[in-house]
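Colleague: Sequence below, structure please.
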Amino acid sequence: MPKIIYVQRSGERQSVDVPVGHSLMEGAIDHNVSGIVGECGGACACATCHAYIGSEWLGKLPPLDDMEDAMLDAAADRRENSRLTCQIQVTEELDGLLLEVADNHL
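Modeller: The predicted structure follows:
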């Protein structure tokens, strides 16, 4: 099972096993990762699962689609490496992926 490393703004790291096919958001919620809210349940309708993906991983992710891009416009502190974790499905290739949790508090 791929390990995903969620990094809090404080620098604290939480490494969790996420099943292939689950989203990064589901992995965070299943393991009580603070800051990944997922208020819309993964429907790409709220941006409360916003995170910053480690630059070395961006090329391994599916491209940003128009819907995710529009939702990220509503996210606080959008950056070039911003993604919605509900839109990224875990694959074996993502084992070791590092992401920083954005400020998603409502």
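
Colleague: just for the protein, where's the confidence low?
Modeller: Within the chain, the ranges that satisfy pLDDT under 70 run 106.

Colleague: Find the centremost residue of it, please.
Modeller: Compute the mean C-alpha point of the chain, and by C-alpha atoms, centre = their mean the closest residue is T85, 2.8 Å away.

Colleague: From what I see, that one and L99 are in contact.
Modeller: Yes - with contact defined as C-beta atoms under 8 Å, T85 reaches L99; the gap is 7.2 Å. C-betas here are computed from N, CA, C, even on glycine.

Colleague: who touches both of these two?
Modeller: L24, A51 (C-beta atoms under 8 Å, 6 or more residues apart in numbering).

Colleague: all strands of this structure, in order?
Modeller: 3-7, 13-17, 50-53, 82-84, 97-101 (DSSP state E).

Colleague: Could you spell out the sheet neighbours of the fourth one, each with its direction?
Modeller: Using DSSP bridges, the neighbouring strands of strand 82-84 in the sheet come out as strand 50-53 (antiparallel).

Colleague: can you list contacts of the partner strand?
Modeller: 6, 24, 36, 61, 72, 75-76, 78-79, 81-85, 88, 97-102, 104.

Colleague: export that strand as CSV, just CAs?
Modeller: What follows is strand 50-53, C-alpha atoms only, in CSV (Å, rounded to 0.1, in the frame of the first residue of the first chain):
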residue,chain,number,x,y,z
HIS,A,50,-6.5,22.0,-0.6
ALA,A,51,-2.8,21.0,-0.3
TYR,A,52,0.6,21.9,-1.8
ILE,A,53,2.1,19.0,-3.6
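
Colleague: mind checking how far it is from the chain centre?
Modeller: 5 Å (C-alpha atoms, centre = their mean, to the nearest Å).
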